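Novice: what would the 3D arrangement of this be:
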Amino acid sequence: MAKQTTHYVCDECGDSFPRWTGRCESCGAWSSLKEFRESKAQQKTAKGRSLELSSLKDVSQQGPTRRLSCGIVEVDEVLGGGIVPGSVALMAGQPGIGKSTLLTQLAASISAQEKVIYVSGEESISQISLRAKRLIGDTGKLSLAASTSTDDTVATIASGVASVVVIDSIQTMQLQSVDSNPGSVSQIAQSSHAIIDAAKRSNTAVLIVGHVTKDGNIAGPKILEHIVDVVLQLEGDRYGGFKTLRSVKNRYGSTNNMAIFEMKDSGMEIVDNPSKAMLAERQVADGSVVLATMEGARPMLVEVQALVNRTNFGYPKRTASGFDLNRLNLLSAVLDRRTKLDLSDQDIYINIVGGVRINEPAADLAVAMAIASAAKSVTLADDAVVFGEVGLSGELRHVPNIDKRIAEAKKLGFKKVVGPQVSNIDSKIYQPYRDLRSAMNSLVTEQSA
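Specialist: A predicted model of the protein is given here:
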């Protein structure tokens, strides 16, 4: 047998070390080094030959590559126009979020036009068939296989018998030449390289399911995200609410698009009007305000709720669901310093309704208004939408796509939009302000005042 050498690879940064240490010397992550075994046979390199070169002009004259439609327009937009033949996409998400459900629906839809193989290392063929029949009824031309062998899967991909192959999941696949358990760093890295090489040679599109860690990062070596062409993230509350599919890496398109789903008995269904759906159960009360946010290129209205209560401990608690906790602490400090609010002995809870996570700075004004409204028990105007970044001096700063936010608010019947002061916006319902205090006072209702 070929001798093996052992080194250790960091899950976070992908750097390699000859011996194990508790902390990665490159990125500083603790307990992130995993054992990686490599045989001497794998280390040997054969003599190379000159590469075959092609001019960009000749390749361009061959015409654009035909993309495969998923059958769901919103998913095609997330992928940049559809699935590119020969590409490898990685879909990650929390357990039970709906990865297998969505991929089963996509595979069944594509199989109406192209040959599709669904390979599962977690379920038997009968179990896959039960889920497919529940979601789509007749499975049609969809081909199923149950295997954890990377060698068999690679041989199937390389044969070119299918246009699309779905692998569920990469953590269950095992390459025979690698002496380690499935899910280990070495197995995931070597299996991924073999699958990608076969996909490129046979021009077969591959969709891979990836598990995530308790921190929300994709399990396995960081190199997995680098070598694939597309990384899709399925986010949301696994027990309810909306699910969002976004692209965090895409070599063939933009990463600004997003698809919003709702899990039902028949599977994942697209939400046609997310803003209307998220505001359907809104009850006007103190601590509630509507935010106009951007999810990629799509404007969306969501409700921001805040609860402020006197703390029972020496140190006030800050809790955020769907919002960055560090940003919440910063906004609390700005409110305490730049307004008359005293939040030093108050617990603050923030919730973004619908299970959506907001990352853009334009949510600052809505969160600050919700906190102030809850702290003073003041109800804000129910026909208003707000957005804007809040600076450390309490000033409101410009945010992009103001026109789209105003148009979305107008479409849902809101009569007032509050945001930062800009010079190129011409709208009767838009009310610009320079600072946080004046913007907050503009939404206080007469009854509350």
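Novice: flag the shaky bits of the stretch 51-200 of the chain, pLDDT-wise.
Specialist: 60-64, 138-140 (pLDDT under 70).
Novice: could you pull out the strands in it for me?
Specialist: Here the stretch 51-200 of the chain has its strands, by DSSP state E, counting those that start in this stretch, at 88-93, 116-120, 143-146, 164-168.
Novice: count of residues packed around residue 402?
Specialist: Look at residue 402: counted by other CB atoms under 10 Å, it has 24 neighbours. Every C-beta, even on glycine, is put in place using the N, C-alpha and C of the backbone.
Novice: against residue 246, how distant is the spatially most central residue of the chain?
Specialist: Closest residue to the average C-alpha location of the chain: residue 233 at 3.4 Å, with CA atoms, centre = their mean. Using CB to CB, to the nearest Å, residue 233 is found at 6 Å from residue 246.
Novice: that older thread, out of the strands of the stretch 51-200 of the chain, flag the one nearest residue 382.
Specialist: strand 88-93 (34.7 Å; CB to CB).
Novice: that closest one packs against which elements?
Specialist: helix 99-110, helix 185-202, strand 205-210, helix 223-227, strand 230-236 (3 or more CB pairs under 8 Å, 6 or more residues apart in numbering; DSSP states H and E).
Novice: partners of it in the sheet?
Specialist: Next to strand 88-93 in the sheet, as set by DSSP bridges, lie strand 205-210 (parallel), strand 230-236 (parallel).
Novice: those: which one's closest to residue 363?
Specialist: Per CB to CB, nearest to residue 363 of the strands paired with strand 88-93: strand 230-236, 16.2 Å.
Novice: the inter-axis angle of that closest one versus helix 99-110?
Specialist: 120 degrees (axes from the mean of the first three to the mean of the last three CA atoms, to 10 degrees).
Novice: check the offset of whichever helix or strand comes after strand 230-236 from the chain's centre.
Specialist: Reading on from strand 230-236 to the C-terminus, the next helix or strand found by DSSP states H and E is strand 242-250. Put simply, strand 242-250 sits 4 Å off its chain's centre (CA atoms, centre = their mean, to the nearest Å).
Novice: quick one: contacts of strand 242-250?
Specialist: 74-75, 78-80, 97-98, 102, 225, 228-236, 253-255, 257-263, 268, 271, 274, 277-278, 295-296, 354-357 (CB atoms under 8 Å, 6 or more residues apart in numbering).
Novice: can you say which of these are buried?
Specialist: 74-75, 78-80, 97-98, 102, 225, 228-236, 253, 257-263, 268, 271, 274, 278, 295-296, 354-356 (16 or more other CB atoms under 10 Å).
Novice: what packs against the longest strand anywhere in the chain?
Specialist: Criterion DSSP state E: the longest strand present in the chain is strand 298-310. In terms of contacts (3+ CB pairs under 8 Å, 6+ apart), strand 298-310 is packed against helix 274-278, strand 288-295, strand 346-352, helix 364-376, helix 402-411.
Novice: can I get the fourth one as CSV, trimmed to CA atoms?
Specialist: Presented in CSV, the C-alpha positions along helix 364-376 are these (Å, rounded to 0.1, in the frame of the first residue of the first chain):
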residue,chain,number,x,y,z
ASP,A,364,-30.9,51.7,11.3
LEU,A,365,-33.7,54.3,11.3
ALA,A,366,-36.5,51.8,11.6
VAL,A,367,-34.8,50.0,14.5
ALA,A,368,-34.0,53.3,16.3
MET,A,369,-37.6,54.4,15.9
ALA,A,370,-39.0,51.1,17.1
ILE,A,371,-36.8,51.3,20.3
ALA,A,372,-37.8,54.9,21.0
SER,A,373,-41.5,54.2,20.4
ALA,A,374,-41.4,51.2,22.8
ALA,A,375,-39.4,53.1,25.4
LYS,A,376,-41.9,56.0,25.5
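Novice: report the inter-axis angle for that helix versus strand 288-295.
Specialist: Using the same axes, to 10 degrees: helix 364-376 against strand 288-295 is 160 degrees.
Novice: contacts for helix 364-376 next, please.
Specialist: 286-291, 304-308, 323, 327-328, 331-332, 334-335, 339, 341, 343, 346, 348, 350, 378-380, 386-390, 396, 418-419, 436, 439-440, 443.
Novice: next one: it to chain centre, how far?
Specialist: 27 Å.
Novice: show the average pLDDT along it.
Specialist: Rounded to a whole number, the mean pLDDT of helix 364-376 is 95.
Novice: can you list the domains in the protein?
Specialist: Listed domain ranges for the chain are 4-40, 66-272, 276-441 (source: automatic domain parsing).
Novice: now the longest one, how far from the chain's geometric center?
Specialist: By that I understand domain 66-272. For domain 66-272, the distance to the chain centre is 14 Å (CA atoms, centre = their mean).
Novice: repeat for the last one
Specialist: Here the centre of domain 276-441 is set off from its chain's centre by 23 Å, with CA atoms, centre = their mean.
Novice: pull up the distance across it, start to finish.
Specialist: With CA to CA, to the nearest Å as the measure, domain 276-441 spans 27 Å from end to end.
Novice: distance between the ends of stretch 383-391?
Specialist: 25 Å.
Novice: got the buried residues for it?
Specialist: Buried-residue list, stretch 383-391, by 16+ other CB under 10 Å: 384-391.
Novice: cool, stretch 418-431 as well?
Specialist: Buried residues in stretch 418-431 (16+ other CB under 10 Å): 418-421, 430-431.
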